[in-house]
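A.B. asks: Sharing a sequence plus its predicted fold:
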Amino acid sequence: MINQNEDHAKIIDVFAHTLPTQLKQKVLAVAPDAIAPWMRQPLLNDIAADKDSILPGQAEILSAVNLNPEDYMAPNEAADVTRQANEALISICQQYPQQFAGSVAMVPMNNVPEALKIIDDDVVHGPMLGIQLFTRALKKPITATEFQPIFQKMADIDAPIWLHPIFDETKTDNNITFSWEYEQTLAMNNIVNAQYFSQYPNLKVIVHHAGAMVPYFAERIRYIQGEANYQAFKKFYVDTAILGNPNALALAIAFFGTDHVLFGTDEPLGVPPIGASQVIEDAINALPLSESDREKIFKTNFVQLH
């Protein structure tokens, strides 16, 4: 559950990132070149400085960056490192409860039985709020059959999945500006067309970057895929992490609805030196929203997910 101290916060940032030292060291020991340039943002590792950078009145939900043990380690080792990373995230929230209102669990995608046990240990019986999945795992779509038990488990326990994009390594022209948004859109499309929302009525998926391409192409979805799929896309929850841009946020809110949009920033990434929190807060405040709808986006929607 969310830290009780979150009550002081008027705004909860549902998609803020960190890179636990334990995770970084373990991965670098077997893959020295694994750190992407953007992962060198100092606040990802300096928790005290990151804590001090958080804007007054805000609290963050922490998730680890996509340095995934299953990409570099055998199944049992990946599970062990994942557990250590989750312990580090829990510890950060316990140390600084006013700034970090909760955390999201990693799961080893090359060890689904252990992933299900980690969900029990860290989410069902532990303090973590849900799990983070990526748009692909082990070079396969996240909707590959072998990963389906994780979706079923999360629906059964009625806890959210945070969905974050990564590159499709089969493509030679990946770039961080556009590729992640395409991959995010494709993963959403796969989830809808796999009928996961029908199979698992309690499934909750929080999508990074305001639903990527979906709001812009909503009518293409309606006329090409049909009304049932169009309505299924609306079941996603989305954050606001598009670095400002009130017009684009208005489009996302219009499609997903004010009950399915959550304040999220990608902090400390996006806008140097400390992230996009202020830019995104300003963009939301610039929209012609009622005070109650603004409060939903800033905090209430996320609180009600738990």
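C.D. replies: Received, thanks.

A.B. asks: quick one, strands of the stretch 101-250 of the chain?
C.D. replies: If you assign secondary structure with DSSP state E, counting those that start in this stretch, the strands in the stretch 101-250 of the chain sit at 131-134, 136-137, 140-141, 161-164, 205-207, 237-239.

A.B. asks: For residue 262, which of these is the nearest?
C.D. replies: Across the strands of the stretch 101-250 of the chain, residue 262 has its closest neighbour in strand 237-239 (5.2 Å, Cβ to Cβ). In short, each C-beta sits where N, CA and C put it, glycine included.

A.B. asks: If you average the pLDDT over the closest one, what comes out?
C.D. replies: On average, the pLDDT along strand 237-239 is 98.

A.B. asks: Any idea how far that strand is from the middle of the chain?
C.D. replies: Mean-position distance between strand 237-239 and its chain equals 9 Å (Cα atoms, centre = their mean, to the nearest Å).

A.B. asks: now do stretch 151-159
C.D. replies: Centre-to-centre, stretch 151-159 and its host chain are 16 Å apart (Cα atoms, centre = their mean).

A.B. asks: where along this structure do the helices fall?
C.D. replies: All helices of the chain, identified by DSSP state H, fall at 21-30, 47-53, 75-95, 112-118, 148-156, 179-193, 196-199, 218-220, 227-233, 246-256, 277-285, 291-295, 301-304.

A.B. asks: Tabulate those (TSV), appending distance to residue 129.
C.D. replies: Below are those laid out as TSV (distance: least, Cβ to Cβ, whole Å):
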stretch	distance to residue 129
helix 21-30	18
helix 47-53	18
helix 75-95	10
helix 112-118	14
helix 148-156	11
helix 179-193	20
helix 196-199	20
helix 218-220	29
helix 227-233	24
helix 246-256	20
helix 277-285	19
helix 291-295	20
helix 301-304	9
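
A.B. asks: picking up where we left off before, can I get the strands of the stretch 101-250 of the chain in JSON lines including distance to residue 247 and mean neighbour count?
C.D. replies: Shown next, in JSON lines, are those (distance: least, Cβ to Cβ, whole Å; neighbours: other Cβ atoms under 10 Å):
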{"stretch": "strand 131-134", "distance to residue 247": "28", "mean neighbour count": "22"}
{"stretch": "strand 136-137", "distance to residue 247": "30", "mean neighbour count": "22"}
{"stretch": "strand 140-141", "distance to residue 247": "31", "mean neighbour count": "14"}
{"stretch": "strand 161-164", "distance to residue 247": "24", "mean neighbour count": "24"}
{"stretch": "strand 205-207", "distance to residue 247": "19", "mean neighbour count": "26"}
{"stretch": "strand 237-239", "distance to residue 247": "16", "mean neighbour count": "26"}
